[in-house]
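Peer 1: build me a structure from this.
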Amino acid sequence: MGVLNVTPDSFSDGGRYLDRRDAVAHGVELHRRGADMIDVGGESTRPGARRVDADEEIARVVPVIRALVAEGVPVSVDTMRAAVAAAALDAGATIVNDVSGGLADHEMAKVVAAAGVPYVLMHWRGHSTEMDALACYDDVVVDVRSELLQRVEAALAAGVEESSIVLDPGLGFAKLGDHNWQLLQRLDELVELGFPVLVGASRKRFLGTLLGDRPPDGREDATAAVSALAAFNGAWGVRVHDVDRSLDAVAVAGAWRRGHG
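Peer 2: Numbers count the residues shown, from 1 in each chain. As a prediction, the model looks like this:
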């Protein structure tokens, strides 16, 4: 899943793809390089980010989604709002990636159920302005599993098909650095729940900390290492900014696991 942020304030590439033509060109290029899906987001979820209103979010993502779909590019929409998801689906998106797992907008699951599309439920405890204060766990893996299963139950109750659900442990969202590493070390405990698992570690702060406070654009090799290990340990997908390195890393992990190329 290739990341395409059409925002002015995302932590890694904020402002780089605000121009519609630049955004579409980048999305097409990510797909050409091998991304199966381009994940288009119009609201930053970096720590401390302020929310934009729904109309602004729709204005950012819908024209880009429509143009990418016209180019034959599969698109997911990264949003916490049901209204934005509905507009994106009307424009041709085929997956809803909800970082709040349905908690930010209780109408989201109904929109997804009506559309019959895959639904990514990420572990989330609160908005960007407060999430660092919510990073308290007895056992982060056990707690994340339990809270994700609660979101699954809510989605199923709203009519979402079980086969449409993808889980995301929410690395960096109400997680301290060691929480992220524990979730990755014990990824199999999430995979064994039986749902596809999406891992989104790309360029995140905990990788920069590991590498001596390296800035986001210096975290690509670490991101690729996470992609390889996630693939080796049964993840369904990875959400990344740099497609090439992760594709190579995942190819190596697959050959290693199979014992042949």
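
Peer 1: show the contacting residues for the nearest residue to Val160 once chain neighbours are set aside.
Peer 2: Leaving out its chain neighbours, the residue that sits closest to Val160 by Cβ to Cβ, 6 or more residues apart in numbering is Ala113, at 4.7 Å. Quick note: C-beta positions are derived from backbone N, CA and C, even for glycine. Ala113 makes contacts with 155, 158-161, as judged by Cβ atoms under 8 Å, 6 or more residues apart in numbering.

Peer 1: buried among those residues? Need that as a selection in ChimeraX.
Peer 2: Listed next is the ChimeraX selection for buried residues among the contacts of Ala113, using 16 or more other Cβ atoms under 10 Å:
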select :155,158,160
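
Peer 1: filter the contacts of Ala113 down to the ones in helices?
Peer 2: When DSSP state H defines the helices, the subset of the contacts of Ala113 inside them is Ala155.

Peer 1: for stretch 85-103, what does the pLDDT average out to?
Peer 2: Per-residue pLDDT values across stretch 85-103 average out to 98.

Peer 1: may I see the buried residues of it?
Peer 2: Counting neighbours by 16+ other Cβ under 10 Å, the buried set in stretch 85-103 is 85-89, 91-93, 95-103.

Peer 1: wait, Ala87 sits on Ile58?
Peer 2: Yes - using Cβ atoms under 8 Å, Ala87 and Ile58 qualify as a contacting pair, with a distance of 4.9 Å.

Peer 1: picking that back up, so the residue nearest to Val160 sits in a helix?
Peer 2: Yes - going by DSSP: H, G, I helix; E, B strand; the rest coil, the assignment for Ala113 places it inside a helix.

Peer 1: quick check: it vs Leu183, distance?
Peer 2: Distance of Ala113 to Leu183, computed by Cβ to Cβ, to the nearest Å: 28 Å.

Peer 1: fine by me, we can end here.
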